[in-house]
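Colleague: Sequence and predicted structure, then a few things I'm wondering about:
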Amino acid sequence: MNAAIPSVWLHIGAGSFHRAHQAWYLHRLLQQGDNRWEIALSNIRDDAVPLLNTLAAQNGEYTLETVTPEGERQYEKITSIKTLVPWDEELKGLIKQGADPRTKVIAFTVTESGYYLDTDHKLDVQQPDIKADLNGEARTIYGALTRVLQARRVASGDPVTLLNCDNLRHNGERFRQGFLTFLKLRNEPTLLTWVEQNTTSPNTMVDRITPRPTSDIAPRVLAATGFEDQAPVMAEAFIQWVIEDDFAAGRPALENVGVELVDSVLPWEEAKIRILNASHSCIAWAGTLVGQDYIHQSTQTHEIKEMAWEYVTQDVIPSLMPSPLDLEAYRDVVLARFANPYIRDTNQRVAADGLSKIPGFITPTLMETFQRGAIPRATALLPALFFLFLQRWHTQDLPYAYQDGALDAEARHEMLSHSDALARFAADASLFGPLATRADFAALLERSVASLQSWAEHPQPVNE
């Protein structure tokens with residue numbers, strides 16, 4: 001299976017998740033003797049420069065520690081990242097790598113909020129970063145890819161796959177719609193036509209819980225492997241990747257390492273986003289409100305687990321039926337994964353980006369439950385938890401800094417300062433779409449917040 005010149009999988013987004021997920025799969029191919037593909041890792045912003053420098057000093061190699069719910073740890077040196085693209089303000093290194101004809105796939109993980117979509121899943125042109133990129137900057141995936149693909153079109157014109165690896169419903173389609181809209185607004189007709197004709201954007205579903213690395217990982221890696229790793233990463237043992245098989249310029253033999261290549265990713269995507277991602281956020285917001293630090297602690301708290309279980313059982317499963325998946329079994333596996341005490345995933349990490357998660361993960365279930373003629377009582381608890389969470393943020397009473405790419409702090413503080421803040425929250429179309437004008441939804445949300453308030457004011461015992 002040797003090839004003289006490997007193809008390049010260029011990845012934008014040098015976070016832990018890529019190194020625990022996509023890089024692991026390509027590493028497994030190398031372990032099988034298939035060295036036809038390698039990764040070039042890059043970033044749009046300068047926040048990953050220390051990591052990229054550290055990885056460059058280790059020849060791109062690092063250790064992945066995985067842990068099962070029973071506490072069994074395994075260590076594997078990941079070797080699939082062969083190029084660390086140095087960051088510079090003009091993104092010259094990224095542009096050069098993206099224009100290289102060896103690069104056949106450009107993949108990215110920029111978080112849900114990094115696509116700047118409104119509740120209709122259209123590009124939100126009012127966002128400051130989008131405005132800046134429409135004026136020629138490259139703060140976002142759209143501005144960066146405009147520069148990369150412009151150079152590629154001129155250099156070789158070779159087709160390339162643009163692969164979204166974020167937790168975004170219909171992620172390939174919605175990224176592509178946002179990108180084509182961006183190119184139209186940038187008045188780039190030649191590039192727009194080239195992108196339409198020479199790129200594909202398959203939908204994908206990715207899954208592996210990957211907490212932010214903590215200082216205790218490196219000593220375990222050293223003790224277990226003898227490698228003094230300066231950039232280890234840790235994840236749960238579970239992993240899944242489902243991709244629509246629509247690549248413009250070839251792909252790695254991912255089916256040989258457990259990736260599911262399908263015609264439509266929709267059933268897996270909907271189950272994962274609504275059952276796993278939304279429940280994860282529910283648990284993180286609830287756990288934070290009652291003074292807990294970690295996801296496993298909160299999942300092991302009866303009232304919090306019950307909220308997540310009821311949300312899935314009462315509202316999500318009826319919304320997703322019929323499904324080729326055993327949704328009840330999936331629910332139970334997800335909650336067991338969240339309860340893994342060895343992951344030590346923080347409520348802070350999972351609670352982030354709520355302003356994108358509400359419309360992306362939760363509002364569809366609210367709407368579909370109403371459409372069935374039912375009342376989404378269980379689902380309404382999730383935005384109610386987030387409202388109480390935002391109130392704590394507003395009064396500077398959160399135990400950590402809240403991170404949200406869609407947060408306009410000044411406007412949100414102003415909203416929360418009013419006596420009718422909950423009514424304004426319920427009427428926010430960017431969060432709730434058509435439900436924002438419905439009196440029955442506002443009343444349901446008010447009842448949900450009232451039912452949670454006294455509970456949320458009492459700290460809960462934690463299990464370490």
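Modeller: Done, it's in. Numbers count the residues shown, from 1 in each chain.

Colleague: Angles on the backbone of Ile78, please.
Modeller: Backbone torsions for Ile78, taken as degrees, to the nearest 10, come to phi -90, psi 130.

Colleague: tell me the contacts of it?
Modeller: Arg19, Ala23, Trp24, His27, Glu61, Tyr62, Thr63, Leu64 (C-beta atoms under 8 Å, 6 or more residues apart in numbering). No exception for glycine: its C-beta is placed from N, CA and C like everyone else's.

Colleague: Let me have those in JSON lines, extended by pLDDT and distance to Cys282.
Modeller: What follows is the contacts of Ile78, written out as JSON lines (pLDDT from 0 to 100; distance: C-beta to C-beta, whole Å):
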{"residue": "Arg19", "pLDDT": "98", "distance to Cys282": "27"}
{"residue": "Ala23", "pLDDT": "98", "distance to Cys282": "29"}
{"residue": "Trp24", "pLDDT": "98", "distance to Cys282": "28"}
{"residue": "His27", "pLDDT": "98", "distance to Cys282": "33"}
{"residue": "Glu61", "pLDDT": "98", "distance to Cys282": "37"}
{"residue": "Tyr62", "pLDDT": "98", "distance to Cys282": "32"}
{"residue": "Thr63", "pLDDT": "98", "distance to Cys282": "32"}
{"residue": "Leu64", "pLDDT": "98", "distance to Cys282": "28"}
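
Colleague: From these, list just the buried residues.
Modeller: Among those, those classed as buried by 16 or more other C-beta atoms under 10 Å are Arg19, Ala23, Trp24, His27, Glu61, Tyr62, Thr63, Leu64.

Colleague: any idea which of the residues you listed is the one closest to Arg176?
Modeller: Ala23 (23.9 Å; C-beta to C-beta).

Colleague: So which residues of the stretch 151-300 of the chain form strands?
Modeller: 160-164, 199-200, 204-207, 233-236, 240-244, 260-262 (DSSP state E, counting those that start in this stretch).

Colleague: related to what we said a few turns ago, which of the buried ones among the contacts of Ile78 sit farthest apart?
Modeller: Spatial extent of those (C-beta to C-beta) is set by the pair Trp24 and Glu61 at 12.9 Å.

Colleague: give the contact list for Thr190.
Modeller: Here Thr190 is in contact with Arg153 (C-beta under 8 Å, 6+ apart).

Colleague: where exactly do the helices run in the stretch 101-250 of the chain?
Modeller: Using DSSP state H, counting those that start in this stretch, the helices of the stretch 101-250 of the chain run over 128-134, 141-155, 171-185, 189-198, 217-225.

Colleague: Please work out which of those is packed deepest.
Modeller: Burial among the helices of the stretch 101-250 of the chain, expressed as mean neighbours by mean count of other C-beta atoms under 10 Å, is greatest for helix 141-155, which shows a mean of 22.

Colleague: I'd like the average pLDDT over that helix.
Modeller: In this model, helix 141-155 has an average pLDDT of 98.

Colleague: Which strands and helices lie in contact with that helix?
Modeller: helix 92-99, strand 103-108, helix 128-134, strand 160-164, helix 171-185, helix 189-198 (3 or more C-beta pairs under 8 Å, 6 or more residues apart in numbering; DSSP states H and E).

Colleague: Could you list the low-confidence segments of the protein?
Modeller: Flagging of the chain using pLDDT under 70 yields the residue ranges 1-3, 460-464.

Colleague: Domain-wise, how is it divided?
Modeller: When the chain is parsed into structural domains using automatic domain parsing, the resulting residue ranges are 7-262, 266-456.

Colleague: What's the end-to-end length of the longest one?
Modeller: Okay, so that is domain 7-262. The separation between the terminal residues of domain 7-262, taken as C-alpha to C-alpha, to the nearest Å, is 23 Å.

Colleague: roughly how far is that domain from the heart of the chain?
Modeller: Once both centres are worked out by C-alpha atoms, centre = their mean, to the nearest Å, domain 7-262 turns out to sit 12 Å from its chain's centre.

Colleague: Which residue ranges of the stretch 251-400 of the chain form helices?
Modeller: Assigned by DSSP H, counting those that start in this stretch, the stretch 251-400 of the chain shows helices spanning 266-271, 278-289, 295-299, 302-310, 317-320, 327-338, 347-351, 354-357, 363-371, 377-394.

Colleague: Nearest to Glu112, out of the helices of the stretch 101-250 of the chain?
Modeller: Nearest of the helices of the stretch 101-250 of the chain to Glu112, taken as C-beta to C-beta: helix 171-185 at 9.1 Å.
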